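# here is the input, now give the coordinates:
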Amino acid sequence: MKKIQMVDLKSQYEKIKSTVDASIQEVLDTTTYINGPKVHEFQKNLEEYLDVKHVIPCANGTDALQIAMMGLGLQPGDEVITADFTFAATVEVIALLQLTPVLVDVDVVNMNISIDAIKKAITPKTKAIVPVHLFGRAANMEAIMAIAKEHNLYVIEDNAQAIGANCKFSDGTKKKAGTIGHVSSTSFFPSKNLGCYGDGGAIFTNDDALAHTIRGIVNHGMYVRYHHDVVGVNSRLDSIQAAVLNAKLPLLDSYNEARQNAARKYTAAFEGHKNIIAPSICEICDCHVFHQYTLRIIDANRDALMEHLLAKGIPCAIYYPIPLHSQKAYVDSRYKEEDFTITNQLVKEVISLPMHTELDDEQIKFITDSVLEFLK
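Got it, this is the predicted structure:
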């Protein structure tokens, strides 16, 4: 059996080596390393894939979140609601801009931001909601947009983990995650479903004026060279990373399908086990693209299971071991433990198994057998 990786980028690259290498070689031949044709080509191709008016590439996913908030003109002290159970980048940029983060609990079933918790957290100072499409599962954007409309709030989608996922609305229509809110951010970190070979990110919006503002922000506030019209930053997707992404974008749907197929096999193996709550996935399940495959382990020793798997050469991880409201940087007297019952439960239960495009049946069987062996 091939060695199991948490994310097998090498095997993925070997299958697309000639295409990726040729795309990178074009950049090397033209020496257009910054803001070159490959960046513009990727931007247009991603706009077409997402069916969104504007894609603004930038240096990484964290920058994308920060720049999205800068573009909206949020002011110090404005309150921004987001999920407690997620990676720190989401709250980090809120704090960096001297906005007030308002962390709320998540839904026990899908682990995305709780709709009820959002409603309870809104105050006269609230200006925005940041739903995170966690682990690749689309959040309930229909409900979130309805709340935002009622209270005149911005919605900034954190789509770093769910590119390619669909959000289904009650009228039967579907839209890609990241194209529904006022603005969205994504990351092209190498392990993402659409990843480059370094850092990269992008901002999406259908708002022409906002897109214009953001294009200036990413490039030192310039629209004309040496004319600085807005306060900006230096955050650009370099041409080599764009070349990699452009080569991989046509394969994104097949990559997501491979992840979904692996998830189906995982979940089938764990079905009915008293100690495992596995992600549900139907035959036509396009709302979840499985950036991570995350189990909940109940009435059993999750940490000991992790040690068992690692000892058998099976990589695994806990996303996330500490709630944001308990992190030293974000502790606040406003937060009460009773407001985070689901998050506090999840951090003790979750464990993520290997998930990537190159998993084969032999590896999946070894992984699932090893989990079941420990929980027998």
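
# any idea how many residues pack against Phe262?
No, residue 262 isn't Phe; it's Ala. Ala262 has 24 neighbours, counted by other Cβ atoms under 10 Å. Quick note: C-beta positions are derived from backbone N, CA and C, even for glycine.

# and if you look at Ile314?
18.

# same deal with Ile147?
16.

# quick one: contacts for Leu375?
273, 275-276, 297, 300, 305 (Cβ atoms under 8 Å, 6 or more residues apart in numbering).

# out of those, which is most surrounded?
Of the contacts of Leu375, with other Cβ under 10 Å as the count, Ile297 tops at 22 neighbours.

# grab the longest helix from this protein for me.
As assigned by DSSP state H, the longest helix anywhere in the chain is helix 9-30.

# quick one: which of the contacts of Leu375 sit in helices?
The helices, defined by DSSP H, take in Leu305 from the contacts of Leu375.

# return the member of the contacts of Leu375 nearest to Val80.
Checking those against Val80 by Cβ to Cβ gives Ile297 as the nearest, at 32.3 Å.

# next, His227: phi, psi?
Dihedral pair for His227: phi -110, psi 110, per degrees, to the nearest 10.

# any idea where the helices of the stretch 151-300 of the chain begin and end?
208-217, 239-248, 252-270 (DSSP state H, counting those that start in this stretch).

# tell me which of the ones you listed sits nearest to Tyr330.
Nearest of those (Cβ to Cβ): helix 208-217, 24.9 Å.

# average model confidence for the closest one?
Here helix 208-217 scores 98 as its mean pLDDT.

# same deal with stretch 303-323?
98.

# for stretch 219-233, which outside residues touch it?
Counting by Cβ under 8 Å, 6+ apart, 63, 66-67, 70, 212-213, 215-218, 234, 236 sit against stretch 219-233.

# how long is that stretch end to end?
End-to-end distance of stretch 219-233: 6 Å, with Cα to Cα, to the nearest Å as the criterion.

# list the contacts for Asp207?
Here Asp207 is in contact with 53-54, 182-183 (Cβ under 8 Å, 6+ apart).

# if you rank these by neighbours, which is first?
Val183 (27 neighbours).

# give me the pLDDT for it.
In this model, Val183 is scored at 98, pLDDT.

# quick check: it touching Thr213?
No. If you go by Cβ atoms under 8 Å, Val183 and Thr213 don't touch, sitting 10.1 Å apart.

# overlap of the contact sets of the two?
Gly71.

# quick one, phi psi at Lys274?
According to degrees, to the nearest 10, Lys274 has phi -70, psi -20.

# how close does Asp8 sit to Asp360?
10 Å (Cβ to Cβ, to the nearest Å).

# which one's more surrounded, these two?
Comparing Asp8 with Asp360 by other Cβ under 10 Å, the one with more neighbours is Asp8, at 19 against 14.

# how about the residue lying closest to that one once chain neighbours are set aside, secondary structure?
Residue nearest to Asp8 in three dimensions, not counting chain neighbours: Glu358, with 4.2 Å by Cβ to Cβ, 6 or more residues apart in numbering. In three-state terms, and counting by DSSP: H, G, I helix; E, B strand; the rest coil, Glu358 is coil.
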